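1. Following is a predicted model, sequence given first.
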Amino acid sequence: ADSADKKAEDAIKQKQGNLQRIQNRKQSVRAWPVDKKIEKLGIYSSCKAEESCKCNGWKNPNPQPNPPKPDAPALVSSLDDPCRGCEHRLGDHVSHLEKVGEEELDRLLGIVVDVENLFMCVHKEEDSDTKQVYFYLFKLLRKCILQLSKPEVEGPLGKPPYEKPSIAKGVTNFVLYKFTHLPPKEWQMMYDLAKMFLHCLNHWKLETPSTRKHHMSQEELSAYKVNYTRWLCFCHVPAFCDSLPHFDNTLIFGRTFLKSVFQTMRKQLLDKFKAEKDKMPPEKRTLVLTHFPRFLTLLEEEIYSPNSPIWDPEFTGKTPAHVVAAAQAQAQAQDSSAAAAGLGKKRPVDSDEASDQPEAKRRRSEDDNLDEIVAEIVADIEDSKRNQGSQSMFPEHAPRDEAAKLEEKKGLIEFHCVANSLTEKVPRQTMLWLIALQNVFSHQLPRMPKEYITRLVFDPKHKNLALVKNGKPIGGICFRMFPSQGFSEIVFCAVTSNEQVKGYGTHLMNHLKDFHIRNGIHHFLTFADEFAVGYFKKQGFSKDLKLPKSVYGGYIKDYEGATLMGCELNPKIVYVEFTAVVRRQKEILKKLVERKQAEIRKVHSGLTCFRDGETEIPIENIPGILETGYVPPQNKNSRSEDKVDQETLYNTLKAIMHACKTCQYSWPFLTPVDRKVVPDYYDHIKFPMDFKTMSERLKANYYVNKRLFIADMKRMFTNCKAYNAPDTEYYNCAVNLEKFFLNKLRDHNLVDKL
């Protein structure tokens with residue numbers, strides 16, 4: 001089992017490495033100079049000098065030595081170099097590329113890389129059916145290079161999708177059909193298992209028809225062979241040859257396909273999970289070894305049952321009651337606080353009355369109009385949320401504490417600040433909660449001495465914010481307030497393991513922040529161990545302390561191996577409502593922008609003044625310019641510090657761009673980051689930049705001064721350093737290419753202001 005497991009891991013790593021190698025190769029060839037690109041495409045272009053010439057590709061008369069010598073100069077052929085096969089010029093082979101732009105050349109070069117990879121697949125593949133499909137796709141892509149067309153698989157295979165409902169729809173129907181009656185927690189578990197099954201199926205490698213011919217009838221084998229070919233052409237090969245259109249297995253195939261692979265896939269999946277069980281955390285081990293087999297057994301019954309309703313195209317499952325109830329509760333809660341949330345919920349602050357000057361009156365009038373517009377937008381948003389029904393329960397990119405807030409509004413969880421006392425009688429309920437909190441902290445913080453936890457939890461100087469569910473604390477924060485110094489020290493913070501990843505920790509911290517603001521304390525300090533640093537960063541803590549050491553020195557003691565972190569509270573913010581307010585404000589701003597765009601997207605009549613002999617007019621006289629927000633400059637005679645001849649600037653920036661693109665460290669930045677290769681990149685990088693985008697901007701005369709060009713280049717380097725770790729090759733390329741870029745700026749005397 002260990003050997004099989006290791007082989008599977010090696011196969012996955014090899015596949016990932018191959019995909020990365022292919023992407024790097026494509027980025028590399030797209031960075032070549034144009035003449036080298038033409039030469040490469042000529043190899044795959046038939047001769048057009050004479051109709052009688054049958055040469056199917058230009059062959060270099062001076063081939064590179066194999067293997068190439070490291071110190072040998074790279075020779076680039078000219079259009080007049082003869083073909084070693086037909087003796088016609090290279091230009092006769094690539095005449096169809098004369099009017100092709102650089103972007104199209106890059107697309108064709110991507111196809112060339114895929115052709116070369118498929119050529120290797122054809123020679124390495126031993127199965128005859130698979131080899132035949134590889135060879136068909138190989139010829140298809142070569143034809144696309146010659147005809148400058150996009151690859152499209154034609155013939156008897158048909159176009160996807162091939163069956164309705166799809167596998168994804170059928171499995172979703174299965175969850176609604178079988179598990180609607182379950183409690184929320186168990187229903188969510190089955191829903192997660194369904195997603196895991198679909199994910200596995202999308203990445204599953206099918207067995208070849210020759211492997212299965214002894215286990216199937218001739219009719220079944222014939223149908224399987226057709227689906228296997230479709231899977232190769234539309235799912236498997238496009239995963240590493242992105243010139244071809246790619247589809248997920250679960251979206252284009254249906255019940256017939258699932259029947260043919262389910263038994264084999266089930267056995268291999270369960271064997272794989274059993275082999276990996278020792279490496280799994282306990283929760284996942286229980287999920288895949290206990291619940292997943294049961295899930296597959298129930299699904300198997302519906303797959304092979306002739307009367308199963310889940311494969312009916314007209315099937316409409318009943319939404320679980322708890323999902324509907326939660327959606328209704330959320331809608332009601334939002335209705336009650338719509339106006340406040342729409343404008344931003346803040347604490348009352350003292351403000352002076354606005355003066356009665358005309359400018360102030362005009363601003364008040366604009367504010368009144370804005371209030372009316374915002375109220376109207378809020379009403380529109382609420383109407384759309386109600387129309388979505390259960391789909392609005394968990395909106396896209398929902399905040400971490402959304403579910404916890406809903407539970408609190410429904411009364412499922414409560415928050416209580418409790419503490420021991422030596423001068424007053426402590427209620428029995430408080431003492432029980434303190435004991436329960438001591439148990440939670442002891443179990444979740446095993447490296448902390450139990451006696452130490454007990455002493456601080458029951459110390460009258462310390463307070464505890466308890467998260468109570470079903471009458472029992474499931475989490476809490478132990479802290480000590482120093483009112484004279486204006487800060488509190490957080491000592492312990494924990495949520496019991498089976499209630500984690502539900503947003504309780506974030507909601508607990510937000511309640512603690514509001515509690516301190518009400519008591520006039522605006523700073524937190526805590527010593528976080530290596531496992532807690534990430535949590536505290538998400539809650540707004542930082543290693544950059546806002547309090548001077550003289551304020552907290554002597555009041556808190558150091559903890560060996562822990563990091564001191566601090567958080568400054570804003571008294572104008574209600575933290576338990578903060579995420580909802582920001583989310584609502586973003587929605588309102590988006591609607592305001594859409595309305596403004598609709599207002600300014602007007603077609604104005606053309607300018608007629610130039611017919612009367614005018615040679616120039618002020619910019620503000622152009623109809624529609626002022627409505628866009630343009631403000632005329634105060635001093636119309638002032639000149640920009642970067643006012644230079646545009647042609648000179650264009651040539652200078654073009655030279656710098658070319659030098660940077662041909663630098664050995666430029667390969668990660670040549671094209672935009674592929675969302676398929678790095679799925680989460682655009683979640684972290686909101687303003688991406690790359691050389692391809694900059695080249696397009698340069699051609700469009702976007703860079704009217706050097707500052708815009710330098711800003712884009714710096715953004716590209718900053719993005720790379722922000723996403724990648726310092727010890728990665730990508731980070732190293734960003735550092736070295738930035739140095740190279742700065743040197744080029746100095747060479748062209750553009751370094752005076754950076």
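-> That came through fine. Residues are numbered from 1 along each chain as shown.
2. can you map out the helices along the stretch 551-700 of the chain?
-> 578-600, 646-661, 681-684, 691-699 (DSSP state H, counting those that start in this stretch).
3. Redo these as CSV? Include mean neighbour count.
-> All C-beta atoms are positioned from the backbone trio N, CA, C, and that covers glycine. Formatted as CSV, those follow (neighbours: other Cβ atoms under 10 Å):
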stretch, mean neighbour count
helix 578-600, 15
helix 646-661, 16
helix 681-684, 12
helix 691-699, 17
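4. helix/strand/coil for the nearest residue to residue 559 once chain neighbours are set aside?
-> Excluding its sequence neighbours, the residue lying closest to residue 559 (Cβ to Cβ, 6 or more residues apart in numbering) is residue 527, at 4.2 Å. Three-state assignment for residue 527 (DSSP: H, G, I helix; E, B strand; the rest coil): strand.
5. residue contacts, residue 527?
-> Counting by Cβ atoms under 8 Å, 6 or more residues apart in numbering, residue 527 touches 556, 558, 559, 562, 563, 564, 565.
6. if we can go back for a sec, now tabulate the helices of the stretch 551-700 of the chain in JSON lines and tack on distance to residue 718 and mean pLDDT.
-> Below are those laid out as JSON lines (distance: least, Cβ to Cβ, whole Å; pLDDT from 0 to 100):
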{"stretch": "helix 578-600", "distance to residue 718": "24", "mean pLDDT": "80"}
{"stretch": "helix 646-661", "distance to residue 718": "16", "mean pLDDT": "89"}
{"stretch": "helix 681-684", "distance to residue 718": "12", "mean pLDDT": "88"}
{"stretch": "helix 691-699", "distance to residue 718": "14", "mean pLDDT": "92"}
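7. Ok, which of those comes nearest residue 254?
-> helix 681-684 (31.8 Å; Cβ to Cβ).
8. What is that closest one packed up against?
-> helix 706-723 (3 or more Cβ pairs under 8 Å, 6 or more residues apart in numbering; DSSP states H and E).
9. Measure how buried residue 564 is and give me the count.
-> Neighbours of residue 564 under the rule other Cβ atoms under 10 Å: 16.
10. Pull up the per-residue confidence for the closest residue to it other than its chain neighbours.
-> Of all residues not flanking residue 564 in the chain, residue 527 sits nearest, at 5.7 Å (Cβ to Cβ, 6+ apart). We note a pLDDT of 91 for residue 527 in this prediction.
11. Same check on the one 10 residues further on?
-> You'll see residue 537 listed with a pLDDT of 91.
12. quick check, it in a helix?
-> Yes - Residue 537: assigned to a helix according to three-state DSSP.
13. List the contacts of it.
-> Contacts of residue 537 (Cβ under 8 Å, 6+ apart): residue 565.
14. One more: residue 722?
-> The contact partners of residue 722, taken as Cβ under 8 Å, 6+ apart, are 684, 685.
15. How about residue 689?
-> Here residue 689 is in contact with 712, 713, 715, 716, 719 (Cβ under 8 Å, 6+ apart).
16. Would you mind stating the distance between it and residue 672?
-> Residue 689 sits 9 Å away from residue 672, going by Cβ to Cβ, to the nearest Å.
17. Same question for residue 611.
-> 44 Å.
18. Residue 429 now?
-> 59 Å.
19. ditto for residue 444
-> 43 Å.
20. what does residue 750 give?
-> Counting by Cβ to Cβ - residue 750 and residue 672 are separated by 26 Å.
21. The residue nearest to residue 559 and residue 466: what is the separation?
-> 22 Å.
22. do the same with residue 683
-> According to Cβ to Cβ, residue 683 stands 34 Å off from residue 466.
23. Can you mark which positions in whichever strand or helix holds residue 408 are buried?
-> Using DSSP states H and E, residue 408 maps to helix 402-409. The neighbour-count check on helix 402-409 (16 or more other Cβ atoms under 10 Å) flags 402, 403, 404, 405, 406, 407, 408 as buried.
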